[in-house]
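Asker: pasting the sequence and the predicted coordinates here, then a few questions.
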Amino acid sequence: MRAWWNLYKKELYNLAFFSVVIVLLVLAWEVFLLYKADSWMGDIAVGLSFLPFFLYPLLALLLGYNSYRQEWKEDTQYFLLSLPRRGWEIGLAKTAAAMTFYIAICLLTILLIVVFHHSYFAREFMEFNYMGMYEPGFFRGVVFRLSLLYLLYGLTLYIMAQFSQLVSLFFDRFRGFITIVVFIFSHYVIFRGTTLLAPLFRWVPDIPVYNYIYSLEEGVARSYDITIGSGPFVAFLLMLSGLFLLGSWILEKQLDV
């Protein structure tokens, strides 16, 4: 465990400078929008403050692509492959470090948005409450579930890019093109695998999105249960885990030191 932890910290250290650059860019962007909020419509400034969240998945994609590329580029893969660690342990350390970075910049961005635009959110939340038809925990539940989906989206891009890069290391030429082809093909494999496996997990309880949403119909309050099927979700996680383990096996057994 200590060796894995040291590897994880090493990967975090490698991301430290990149993290500082991203945070400074986001801070500069939010400060710019704060000064423009008076001359622009408030909705536009606040909406643009969420622009970094459209770019962060691309960062996860880039980190996945570079997770092993740097070792091969600098010809230091010998040290990596000679470590007394299983392939999945090395891959897990890199993935955990990347997701730590991903979550950290998302949280810092949310913090900056709230700090710079707190008055706007306080005002809009009161107006958007629809006269109390939603329970107090409704918005927290929605934000929490959307955050999990966003994290899963970034993790998916990272693992697929990492796997595609590992496959391309078998070749001496056209590695970029091979990475793109494998990345696209991985989408198809995961989609088809999820479609085929999903019926096997119909017995898994559905995932509640929110217990009750109240609406007024002819003056009568009605409640609804909103759930989504767990089968496709479980099947997708299995396919994604399989892709990660396959990439770890390639790293451990197939790539020569």
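Answerer: That came in fine, so what should we check first? Residues are numbered from 1 along each chain as shown.
Asker: how near is Leu108 to Val20?
Answerer: Remark: distance between Leu108 and Val20 (Cβ to Cβ, to the nearest Å) = 11 Å. For glycine as for every other residue, the C-beta is placed from the backbone atoms N, C-alpha and C.
Asker: more neighbours: which of those two?
Answerer: More neighbours surround Leu108 than the other of Leu108 and Val20, with 16 against 10 (other Cβ atoms under 10 Å).
Asker: where does the more buried one land on pLDDT?
Answerer: With respect to pLDDT, Leu108 has a value of 93.
Asker: secondary structure element for it?
Answerer: Secondary structure from DSSP states H and E places Leu108 in helix 87-127.
Asker: same thing with Phe18?
Answerer: Using DSSP H and E, Phe18 sits within helix 2-36.
Asker: pull the residues that contact whichever helix or strand comes after that helix.
Answerer: Note on helix 2-36: by DSSP H and E, the next helix or strand toward the C-terminus is helix 42-49. With contact meaning Cβ atoms under 8 Å, 6 or more residues apart in numbering, helix 42-49 is reached by 29-30, 33-34, 36-37, 112-113, 116-117, 120-121.
Asker: recalculate using a threshold of 6 Å.
Answerer: The contact list for helix 42-49 (Cβ atoms under 6 Å, 6 or more residues apart in numbering) reads 30, 33, 36-37, 113, 117, 120.
Asker: in it, what counts as buried?
Answerer: Going by neighbour count (16 or more other Cβ atoms under 10 Å), the buried part of helix 42-49 is 45-46, 48-49.
Asker: between these, which sits nearest Arg175?
Answerer: Ranked by distance to Arg175 (Cβ to Cβ), the buried residues of helix 42-49 are led by Leu48 at 36.6 Å.
Asker: next, count neighbours for Gly176.
Answerer: Using other Cβ under 10 Å: Gly176 sits among 11 other residues.
Asker: how about it, nearest residue that isn't a chain neighbour?
Answerer: Spatially, and ignoring its direct neighbours in sequence, Gly176 is nearest to Ser168 (7.6 Å; Cβ to Cβ, 6 or more residues apart in numbering).
Asker: you'd agree Val204 is in a helix?
Answerer: No: per DSSP: H, G, I helix; E, B strand; the rest coil, Val204 lies outside any helix segment and is coil.
Asker: need the contact list for it.
Answerer: By Cβ under 6 Å, 6+ apart, the contact set of Val204 is 230, 234.
Asker: got phi/psi on it?
Answerer: phi -70, psi 130 (degrees, to the nearest 10).
Asker: distance-wise, check the residue nearest to Gly176 relative to Arg175.
Answerer: Distance of Ser168 to Arg175, computed by Cβ to Cβ: 4 Å.
Asker: quick one: which of those two has more around it?
Answerer: More crowded of Ser168 and Arg175, by other Cβ under 10 Å: Ser168, with 22 against 17.
Asker: how close does that one get to Leu155?
Answerer: Look at Ser168 and Leu155: by Cβ to Cβ, they are 21 Å apart.
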